[in-house]
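Colleague: need a structure here:
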Amino acid sequence: MSAVRVIRARKESLSARVDFKDASGKGISADRYLWPQVFGGERGLKRSEKALARIGLPTGSYAIPAAGAEMDVYGNMSRGQIVRLLSYLQAFGEQGYRANSTTKSRARMAKVGTSQDGYRRINGVVYFVSRGRGSMSGNRRQTLPAGIWAKTGTHGVDVKPVLIATKQVEYRPLLEFYETADRVANERFEVEYASALDLALATAK
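Modeller: Here you go, the predicted model:
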């Protein structure tokens, strides 16, 4: 609802319009994220996806929440977790480099200790990037699909996907924007027009 604006009719322009708000400040224009909900099809890449591409995800890929993602009440990935991932993986650009995590802060998140059997154990979490099956990470060949993964447990063997990279995202239309406008106009135009005309005549000079 907060993404919609009303441009009212005037004497010089006898038409009104319900439209999406333009971007202001650091915001994103509403039509960029609502258009796919109205028409379906693909959406543009998010800033977070472009940032993740700089640190290893395939360029142009979409990041889809997976089993390790924290979801909010609207069914979207938690913004807090996205920021933590970007910081942990040092994906912020030069302007946001101070937001990138340090070696010490990553160590605090990992909480590495020793199990009762004397094995190295990650009691917190460690995030890492997979560039896709068959790609190389240092001297090791990746066996996991491209994405952001979390590991924990003894020797970090408990591995869970947080974001999976995919080349294409197809949305189906969910927001009946024009259909709703037509229905409301058909239902309310005569009543609203009569009320407005009565007011105009009563207040005419």
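Colleague: which other residues reach the one helix or strand Ala150 maps to?
Modeller: Per DSSP states H and E, Ala150 falls inside strand 147-154. Identification of contacts with strand 147-154 by CB atoms under 8 Å, 6 or more residues apart in numbering yields 52, 57, 63, 66, 68, 85, 89, 115, 119-130, 157-165. Placement of C-beta: from N, CA and C, glycine included.
Colleague: any idea which helix or strand comes after that strand?
Modeller: strand 158-166.
Colleague: Just the residues contacting that next one, thanks.
Modeller: By CB under 8 Å, 6+ apart, strand 158-166 touches 52, 57-58, 61-69, 77, 81, 85, 127, 132, 144-152.
Colleague: If you rank every helix and strand of this structure by mean pLDDT, what lands last?
Modeller: When each helix and strand of the chain is scored by mean pLDDT, DSSP states H and E, strand 136-137 comes last, with a mean of 75.
Colleague: domain parsing for the protein?
Modeller: Domain segmentation of the chain under automatic domain parsing yields 4-40+171-202, 47-166.
Colleague: centre of the chain versus the shortest one, how much separation?
Modeller: So that's domain 4-40+171-202. 25 Å (CA atoms, centre = their mean, to the nearest Å).
Colleague: With the longest one instead?
Modeller: Distance of domain 47-166 from its chain centroid, counting by CA atoms, centre = their mean, is 16 Å.
Colleague: For that domain, measure first residue to last.
Modeller: 16 Å (CA to CA, to the nearest Å).
Colleague: So the closest residue to Gly56 other than its chain neighbours: helix, strand or coil?
Modeller: Nearest residue to Gly56 in three dimensions, chain neighbours excluded: Val129, at 3.9 Å (CB to CB, 6 or more residues apart in numbering). Classification of Val129 using DSSP: H, G, I helix; E, B strand; the rest coil returns strand.
Colleague: And the longest helix seen in the chain, what does it pack against?
Modeller: Criterion DSSP state H: the longest helix present in the chain is helix 177-202. Packing partners of helix 177-202 (3 or more CB pairs under 8 Å, 6 or more residues apart in numbering; DSSP states H and E): helix 30-39.
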